[in-house]
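Engineer: based on what follows, work out the 3D shape:
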Amino acid sequence: MTQGAQQAVAATGQVLCRLDDLVDGAAAGAEGMVDGVPENLIVVREGATAHVYLNVCPHAGRRLDWAPGKFLLKDGIMVCAVHGASFQANSGHCVGGPCKGDHLREIAAHVNAAGEVVLD
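Structural biologist: Numbers count the residues shown, from 1 in each chain. Just a heads-up that it's a prediction; the model follows:
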């Protein structure tokens, strides 16, 4: 993936969580199969929708969470706990820090009629 390019990654159709289990504007960790590989994911709730990203900072390839499944997220900005890169939670775009201009890798997902966040 080139710097600054956002790429949707193929996933398997798994249920990650219920949307109602997430506070609006919050993020949580989840496990899912992506391209046949088990991955740690970030699920961000934004109203009635959810955004799903690989839990990998594009700067150094490390996880963003400060503890398993716990993310630094305030006012729509998620911060990598290792080097402080800042990402817009609704787009994955890095707006500050060592990988400014890059993106988190988005995973295609949707909220189904039962209110579950599902990988596409």
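Engineer: now this protein, which segments are flagged as low pLDDT?
Structural biologist: When residues are selected by pLDDT under 70, those of the chain lie in 1-12.
Engineer: buried stuff in the lengthiest strand in the chain?
Structural biologist: Ordering each strand of the chain by length in residues (DSSP state E) puts strand 37-46 first. For strand 37-46, burial by neighbour count (16 or more other Cβ atoms under 10 Å) applies to 39-45. (C-beta placed from N, C-alpha, C; glycine too.)
Engineer: looking at the residues you listed, which one is closest to His110?
Structural biologist: Nearest to His110 among these, counting by Cβ to Cβ, is Val43 at 12.0 Å.
Engineer: helices or strands next to the longest strand of the chain in the packing?
Structural biologist: Contact here means 3 or more Cβ pairs under 8 Å, 6 or more residues apart in numbering; DSSP states H and E; on that basis strand 37-46 packs against strand 15-18, strand 27-34, strand 49-54.
Engineer: what does the shortest one rub up against?
Structural biologist: Same thing as strand 15-18. Applying Cβ atoms under 8 Å, 6 or more residues apart in numbering, the external contacts of strand 15-18 come out as 28, 30, 32, 41, 43, 52, 109, 115-119.
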